[in-house]
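> please work out how this folds:
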Amino acid sequence: MPGLRSAELGEKPIGKLLVQQAVPASIGILVMSLNVLVDTIFVGNWIGAIAIAAINVVLPVSFFIAALGMAIGIGGSSIISRALGADNTQKALKTFGNQITLTILLSSGLVIPGLIFVNDLIPAFGGKGDIFDPAKIYYIIVLCGVPFLALAMMGNSVIRAEGKPRFAMIAMIVPSVGNLVLDYILINRLNMGMEGAAIATSTSYILCLGYIIWFFLSKNSELKISFSHFRLDIPILKEMSALGLVTLARQAVVSITYLLMNNILFDLGGEDSVTVYAIIARMLMFALFPVLGITQGFLPIAGYNYGAQKYPRVRKSINTAIFYACLMGLVIFAGIMFFAPTIVKVFTSEAGIIEKTPSAMRWVFAAIPIVAIQLIGAAYFQAIGKAVPAFLLTLSRQGFIFIPMILILPLYYGEWGVWISFPLADIISTIITAYFLNREIVKTLK
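Numbers count the residues shown, from 1 in each chain. Model prediction:
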């Protein structure tokens, strides 16, 4: 039988559950995003604006490998949530053991070629000119810590699937605080530059994994696995891979987007334009924390109740999540429209970047109030185990719409064509997702 905490996902009022799940998720994402944001501010002010661009070049490679852990975590967590909802504890345990084995094998296996081809990968992702040397320093050190991050991201998703959002929140806070403290010591006090920033980041990954291991070994977790659960199970791997492919494909598209954006903007405006994008990318990660928190809080609620065949509760969870996420999106939109110039000045004092960034940032955030519909709609199909629509809807925003736009529009409109691609892709993908989500509700949940 599932423990009391996971059983509550099928019993408590949806509004209360969403708050319990989303608030810790939002706080965790906020702290993690603040970590990235403050880290960028530290690097920009203590090392220089070129260092911001260097980190932005490295992120797609390291995050793609780390995304393997996230993909395995979310794919397996969908199985775990539905298994707990259906009282199938053994399947939940076997899934968790397979998640650990697969994450270790894949993430470690990708680090080696990543290090061998370092001189080819960095320029491919836009690390050209003055950006190359600091990017290479950062890349080599951070890549060695990425397997720890992959395991941590996998474990964090499983903690949420158990219905333990407070512990998942702490797991995100631990590395964030550790990274900022180490940033101050290594960059500011010891003057270690990019090397110090990279060591601080990799160490924070290890701290995060350490906390997650403690959680699963303690009495707080319902999932007490044995060595037999680590043996790979083909049916579970197939189901996990189909669902996890959605997350992995999304991160692969993000990495491709970074590659294209860095190269296109370097050709259009040099190092300054790459830095502008790096600042906006950090703000996207930071400002969307409440919307992403609600989306993460929604996943275990929808998955558990779908597994328990409590379809009215699933419908209620969709409507409630979309309402609150769109409301948060509206607040974010207003903040960016009014305070964009002030935000940019926090990152750098270089006049050219301060002049170019606010207008670009406003265009990028123009459709944020409605993007929650797209995020939650795609997350719903993933939560209930429908891999194909989840895959297609997740890729629709950046893969099928945004990437073609940034390849075509800059040919006619220059750099402005890059920035206008963001809201256009958000609007079109939201309309598509809303159509398929409504059809699913009418066909299945009634």
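> C-alpha only now, for contacts and for neighbours.
Noted.
> which residue packs closest to Gln99, ignoring adjacent ones?
Spatial nearest neighbour of Gln99, excluding adjacent residues (Cα to Cα, 6 or more residues apart in numbering): Ile72 at 6.0 Å.
> confidence score at that neighbour?
At Ile72, the pLDDT value in this model is 90.
> which ones are touching it?
By Cα atoms under 8 Å, 6 or more residues apart in numbering, the contact set of Ile72 is Gln99, Leu102, Thr103, Met154, Met240, Ser241, Gly244.
> how about the fifth one, what does it touch?
If I follow you right, that is Met240. Contacts of Met240 by Cα under 8 Å, 6+ apart are Ile72, Gly75, Gly76, Ile79.
> narrow these to those in helices?
Of the positions in the contacts of Met240, Ile72, Gly75, Gly76, Ile79 sit in helices, assigned by DSSP state H.
> can I get these in TSV with distance to Ala425?
Formatted as TSV, these follow (distance: Cα to Cα, whole Å):
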residue	distance to Ala425
Ile72	27
Gly75	26
Gly76	29
Ile79	31
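> pull the most distant pair out of those.
Greatest spacing in the ones in helices among the contacts of Met240, by Cα to Cα: Ile72 and Ile79 (10.8 Å).
> let me know the closest of the ones in helices among the contacts of Met240 to Val344.
Of all the ones in helices among the contacts of Met240, Val344 sits closest to Ile72, with 35.8 Å by Cα to Cα.
> can you pull out the helices in the stretch 201-350 of the chain?
For the stretch 201-350 of the chain, the helices defined by DSSP state H, counting those that start in this stretch occupy 234-287, 289-307, 311-347.
> just name the most buried of the ones you listed.
helix 289-307 (a mean of 27; mean count of other Cα atoms under 10 Å).
> can you pull out the low-pLDDT segments for the stretch 201-350 of the chain?
For the stretch 201-350 of the chain, applying pLDDT under 70 flags no range at all.
> give me that answer again for 80
Within the stretch 201-350 of the chain, the segments meeting pLDDT under 80 span 242-243, 245-247, 249-251.
> show me what contacts the closest residue in space to Phe286 that isn't next to it in sequence?
Leaving aside its chain neighbours, Phe286 sits nearest to Ser33 (4.6 Å; criterion: Cα to Cα, 6+ apart). With contacts defined as Cα under 8 Å, 6+ apart, Ser33 is in contact with Arg282, Met285, Phe286, Phe289.
> tell me the contacts of Phe125?
Phe125 neighbours (Cα under 8 Å, 6+ apart): Val57, Val58, Pro60, Tyr258, Leu259, Leu260, Asn262, Asn263.
> just Thr40 next, same as before
So Thr40 contacts Ile52, Arg282, Phe347 (Cα under 8 Å, 6+ apart).
> tell me the one of these nearest Met337?
Closest to Met337, out of all of the contacts of Thr40 and judged by Cα to Cα, is Arg282, at 16.3 Å.
> thought Val36 was touching the closest one, still the case?
Yes. Here Arg282 reaches Val36: they are 6.9 Å apart, a contact under Cα atoms under 8 Å.
> give me the nearest residue to Asn45, chain neighbours excluded.
Nearest one to Asn45, counting by Cα to Cα, 6+ apart, is Thr348 at 6.4 Å.
> now that neighbour: phi and psi?
phi -160, psi 160 (degrees, to the nearest 10).
> ok so, going back, of the contacts of Thr40, closest to Leu209?
Taking these together and measuring to Leu209 by Cα to Cα, the closest member is Arg282, at 23.4 Å.
> need the contact list for Ser359.
Ala340.
> chain center to the helix or strand where it lies, what's the gap?
Using DSSP states H and E, Ser359 sits within helix 351-364. Remark: helix 351-364 is offset 24 Å from the chain centroid, using Cα atoms, centre = their mean, to the nearest Å.
> going forward, the N-terminal residue is numbered 185.
Fine by me, first position is 185 from now on; the one you just mentioned is helix 535-548.
> gap between the following helix or strand past it and the chain center?
The first helix or strand that comes after helix 535-548 along the chain, using DSSP H and E, is helix 552-567. In this view, helix 552-567 has its centroid 14 Å away from the chain centroid, taken as Cα atoms, centre = their mean.
> mind listing what's buried along the following helix or strand past helix 552-567?
Following helix 552-567 in sequence order, the next helix or strand is helix 571-579 (DSSP H and E). By neighbour count with 16 or more other Cα atoms under 10 Å, helix 571-579 contains the buried residues Ala571, Pro573, Ala574, Phe575, Leu576, Leu577, Thr578, Leu579.
> which other helices and strands does helix 571-579 contact?
Packing contacts for helix 571-579, counted by 3 or more Cα pairs under 8 Å, 6 or more residues apart in numbering; DSSP states H and E, involve helix 418-471, helix 552-567, helix 599-627.
> JSON lines please, covering these and showing distance to Cys392.
Formatted as JSON lines, the helices and strands packed on helix 571-579 follow (distance: least, Cα to Cα, whole Å):
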{"stretch": "helix 418-471", "distance to Cys392": "19"}
{"stretch": "helix 552-567", "distance to Cys392": "25"}
{"stretch": "helix 599-627", "distance to Cys392": "32"}
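> and those helices: which comes nearest Gly311?
Comparing the helices and strands packed on helix 571-579 by Cα to Cα, helix 418-471 comes nearest, at 8.0 Å.
> circling back to that earlier point, out of the buried residues of helix 571-579, flag the one nearest to Tyr564.
Ala574 (7.7 Å).
> doesn't Leu443 make contact with Ile587?
No. Between Ile587 and Leu443 there is no contact under Cα under 8 Å: 10.7 Å.
> doesn't Asn503 make contact with Phe482?
No. Contact criterion Cα under 8 Å: Phe482 and Asn503 do not qualify, at 10.4 Å.
> rewinding a little: could I get the contacts of Ser217 as JSON lines with distance to Arg497?
Listed next are those as JSON lines, based on distance: Cα to Cα, whole Å:
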{"residue": "Arg466", "distance to Arg497": "35"}
{"residue": "Met469", "distance to Arg497": "30"}
{"residue": "Phe470", "distance to Arg497": "30"}
{"residue": "Phe473", "distance to Arg497": "25"}
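> the strands in the stretch 235-384 of the chain, which residues?
In order along the chain, the stretch 235-384 of the chain carries no strands (DSSP state E, counting those that start in this stretch).
> tell me where the model's unsure across it.
Using pLDDT under 80, the flagged stretches of the stretch 235-384 of the chain are 243-251, 269, 347.
> and stretch 544-563, how far out from the chain middle?
Its chain's average C-alpha position is 15 Å from that of stretch 544-563, according to Cα atoms, centre = their mean.
> quote the end-to-end distance of it.
28 Å (Cα to Cα, to the nearest Å).
> who touches it?
Outside stretch 544-563, the residues that touch it by Cα under 8 Å, 6+ apart are 464, 475, 479, 482-483, 502, 505-506, 509-517, 520-521, 524, 573-575, 577-578, 600, 603-608, 610-611, 613-615, 617-618, 621.
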